[in-house]
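K.L.:
just to be clear, the model below is a prediction. Sequence and coordinates:
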Amino acid sequence: MLFRTLLRLSPAVWLSPLLICLGVLFAIDLGPAVLDPYPLQVTAVGAAALFMVAPLCAACAAWEAGRWRRAGWLTLPHVRAPLARAVTVLAPTLLVGVIVCGLALGVMMGRAGIVLLPDLRVLAMACVGLLAYTLLGFAIGVHVPPVIATPTIFLGILLWMGLPRTTEPGWLRHLTGVWPLCCRINADLAPQALVGAMLVACGVLAAAVALLLTPGRIVRWLGAAAPLLAGLAVGSVLVRDLGVYPDVGRDPALLVCSQTQPRVCVWPEQQPRLDEVTALLTGAAQRWRDLGVAVPDTVGEAPYQDSSAVRSFGFSMTASPAIILNALAYSLLPPFPSCGGDAPYLGFEAESWVLAWLVLQAGATPEQVAGMYPPETLPIVAQVRAGSAAQQAAWYAHNRHALGACGVAPQAALQP
């Protein structure tokens, strides 16, 4: 049959407007509100369209199989193998699925404000997943009437995509191959998440092939269940040590650093703002030192480090100078202590006071930080800044100590 005839008859082509709308909307809904210009994150959020594309393409494939089954086409003698015939029939459905995922990726690039090369690992996972679920829908439709196969395969795959995101254990969601929470700019896709999801997709693909090629009803369904269960079992072993996020720390060797003192290090995607961040820190460092604030030698976007020489911070490409100063100031704070009942943590109130004080001392204006802190913070900080340098230094030292210790109450006012 001519390919244009397959296109004209394919239910996926007729439903493509719905597929496009649902795929793009679900990618937007599942992803973060702000996207960094990071190829891995943008690709992962765009490929999250598979959440809706896979169930709908599988349902269309099941309906397609039922149509060919009713026509007797599946029982006629053919020169080509059954698998080759199935892929030919499913070509329009797969093409629509690829186009929808591509459009979702394009929308995500537009939201990030960039045009970049997508991450090939995530693209490969999306393609294998789309092929596997679509072929499974066709294989089930070959043996089950379409009025049963079509809604069953749609709901089954939709539940598989959605339920792990709302239940425990959290790592189960990584096996679906849909990673809208991957990955922050300081993280990389965990190899075990990729391999685990790929094994599950290959198990689904093997199950579909078994349904198409294995003779005998009982042997056919047992042969389909075996690779599917094996993929789930091995994949679960691989990802069970991961948390909610399918990522690992990014290699710090990729950081791009300034040649100033103090030094600023950012990820390559944020290098366009390196000079701006460096200027902000350079200007703030001297003002902070004049008030007794210890400034580290290096402030970078590497994983958290609690040392006097190196501190970690982070910012987005859309962050204002005041927000960047707040991130730099936050890197100066001590880590939260682990407090028990005998010595409760009392210093939480001081965090907004200290941050606002540092940001305003760094050169920001009250108008620039309006709305960044609780309403009572700026009046408190204004009274503190009216004191002498020695009084402000003592106020900062006490409240910083309260932030990092148990049982130490912060002080809002200057001490005489």
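P.N.:
Okay, I see it.
K.L.:
now do the SS call for V299.
P.N.:
Following DSSP: H, G, I helix; E, B strand; the rest coil, V299 is assigned to strand.
K.L.:
is L291 in contact with G387, as I believe?
P.N.:
No. Applying CB atoms under 8 Å, one finds L291 not in contact with G387, separated by 10.6 Å. All C-beta spots, glycine's among them, are computed from the backbone N, C-alpha and C.
K.L.:
could you point out the helix or strand that follows the host helix or strand of R67?
P.N.:
Secondary structure from DSSP states H and E places R67 in helix 50-70. Counting by DSSP H and E, the element after helix 50-70 in chain order, helix or strand, is helix 82-112.
K.L.:
that next one: which residues count as buried?
P.N.:
Within helix 82-112, the residues that qualify as buried are 85-87, 89-90, 92-98, 100-105, 107-109, 111-112, counting by 16 or more other CB atoms under 10 Å.
K.L.:
now for that helix, which elements pack on it?
P.N.:
Contacts defined by 3 or more CB pairs under 8 Å, 6 or more residues apart in numbering; DSSP states H and E place helix 82-112 against helix 3-9, helix 11-14, helix 16-30, helix 39-47, helix 50-70, helix 120-143, helix 191-213.
K.L.:
so which of those helices is nearest P272?
P.N.:
When these are compared by CB to CB, helix 39-47 sits nearest P272, at 15.3 Å.
K.L.:
what's the closest residue to D119 other than its chain neighbours in contact with, if anything?
P.N.:
Using CB to CB, 6 or more residues apart in numbering and skipping residues adjacent in sequence, the residue nearest D119 is T43, 4.1 Å away. Residues in contact with T43 (CB atoms under 8 Å, 6 or more residues apart in numbering) are 105, 108, 118-119, 122-123.
K.L.:
from P37, how far off is T43?
P.N.:
Note on T43: its distance to P37, by CB to CB, to the nearest Å, is 12 Å.
K.L.:
with L19 instead?
P.N.:
Counting by CB to CB, the gap from L19 to P37 is 28 Å.
K.L.:
okay, the two: which has more neighbours?
P.N.:
L19 (25 against 20; other CB atoms under 10 Å).
K.L.:
and the contacts of stretch 233-241?
P.N.:
The contact list for stretch 233-241 (CB under 8 Å, 6+ apart) reads 169, 171-172, 174-175, 190, 192-193, 195-197, 199-200, 203, 246.
K.L.:
may I see the buried residues of it?
P.N.:
Using 16+ other CB under 10 Å as the test for burial, stretch 233-241 gives 235-236, 238-239.
K.L.:
how distant is that stretch from the center of its chain?
P.N.:
20 Å (CA atoms, centre = their mean, to the nearest Å).
K.L.:
change the start of the numbering to 75 and stick with it
P.N.:
Renumbered: residue one is now 75, and that last one reads stretch 307-315.
K.L.:
just the CA trace of that stretch, in CSV.
P.N.:
Output in CSV follows, covering the C-alpha atoms of stretch 307-315 (Å, rounded to 0.1, in the frame of the first residue of the first chain):
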residue,chain,number,x,y,z
ALA,A,307,13.2,-6.3,37.7
VAL,A,308,16.6,-5.4,36.4
GLY,A,309,15.6,-1.7,35.9
SER,A,310,14.3,-1.5,39.5
VAL,A,311,17.5,-2.8,40.9
LEU,A,312,19.5,-0.2,38.9
VAL,A,313,17.4,2.9,40.0
ARG,A,314,16.3,2.0,43.5
ASP,A,315,19.1,4.0,45.1
